[in-house]
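A predicted structure for the sequence below; I have some questions about it.
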Amino acid sequence: MGFFQKPSGIGWLVVFLGNPGPKYAGTRHNAGFMAAGACEKDTGARIQKSRFHALTDDIALNGERLLLLKPQTYMNLSGDAAGEAAGFYKLPPERVLVVSDDVALPLGKLRIRRGGSAGGHNGLKSIIARLGTDAFPRVKIGVGAPPHPDYDMADWVLGSFKNQDAEDIAVACERAWEAVKSYILDGPDRAMSKFN
């Protein structure tokens, strides 16, 4: 039995936010899905099984059992997938860890939070609505703000990473998965002091 193995009962839900389909691959809003890719590379997971309006897989992380979830609902309905899975496994909000992009953080910077508002993020807004609370942990991946105030936010988050930015975000998404592992295994305080 290795560090990662197939578990039975689920103790954590890890929700990677993004939009499904090739059209959205590599966009700023899909940083969460990119972190899911880093998770697959690290653990050998295959987040492909269709359940809860999402693609899923389950792994054990040093004895902790995780359901990995990539909602396939489009961003603004992410809560449908997260809420259904959390309800099915009777997981409290503090065991629902969400990985998302954040335009308020510089490109590649990470921030771990135990809870808080959606900050204008439609995926987080949807999860807050479905869980009935904002007290769930998240790992936010900085994608940077638009270059000027008049820039359309939807165009910005659905734009792709180019050149050096693409390389930087790939590294940040690997670190985001490390932050998820740290949050679950070391606890919030140690993870926050390490990654924030």
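Perfect, I can see it now.

contacting residues around the residue nearest in space to the middle of the chain?
Nearest residue to the geometric centre of the chain (Cα atoms, centre = their mean): Val99, 1.9 Å. Contact analysis of Val99 by Cβ atoms under 8 Å, 6 or more residues apart in numbering lists 14-17, 31-32, 35-36, 138-139, 141, 176-177, 180. C-beta coordinates here come from the backbone N, C-alpha and C atoms, glycine included.

Could you do Val143 as well?
Contacts of Val143 (Cβ under 8 Å, 6+ apart): Arg28, His29, Ala31, Asp101, Asp102, Val103, Leu105, Leu107, Val157, Phe161, Ile169.

Of the residues you listed, select the buried ones using a ChimeraX command.
Buried residues within those, by 16 or more other Cβ atoms under 10 Å, are selected in ChimeraX with:
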select :28,29,31,101,102,103,105,107,157,161,169
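
Just give me the least confident of the contacts of Val143.
pLDDT across these is lowest for Val157, at 86.

got the contact list for that one?
Thr27, Arg28, His29, Asp101, Val103, Val143 are the contacts of Val157 under Cβ under 8 Å, 6+ apart.

tell me the two of the residues you listed that are most distant?
Pairwise distances across the contacts of Val157 (Cβ to Cβ) peak at 12.3 Å, for the pair Thr27 and Val103.

so where do the helices sit in the chain?
31-43, 78-88, 122-131, 153-157, 163-186, 188-195 (DSSP state H).

could I get those helices as a markdown table with distance to Gly63?
What follows is the helices of the chain, written out as a markdown table (distance: least, Cβ to Cβ, whole Å):
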| stretch | distance to Gly63 |
| --- | --- |
| helix 31-43 | 14 |
| helix 78-88 | 21 |
| helix 122-131 | 25 |
| helix 153-157 | 37 |
| helix 163-186 | 9 |
| helix 188-195 | 17 |
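
Lowest average confidence across these, which one?
helix 153-157 (a mean of 87).

Alpha carbons only: can I get that helix in PDB?
Provided in PDB are the C-alpha atoms of helix 153-157 (Å, rounded to 0.1, in the frame of the first residue of the first chain):
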ATOM      1  CA  MET A 153     -13.800  40.800 -16.700                       C
ATOM      2  CA  ALA A 154     -15.500  37.900 -18.600                       C
ATOM      3  CA  ASP A 155     -13.100  38.400 -21.600                       C
ATOM      4  CA  TRP A 156     -10.200  38.500 -19.100                       C
ATOM      5  CA  VAL A 157     -11.000  35.300 -17.200                       C
END
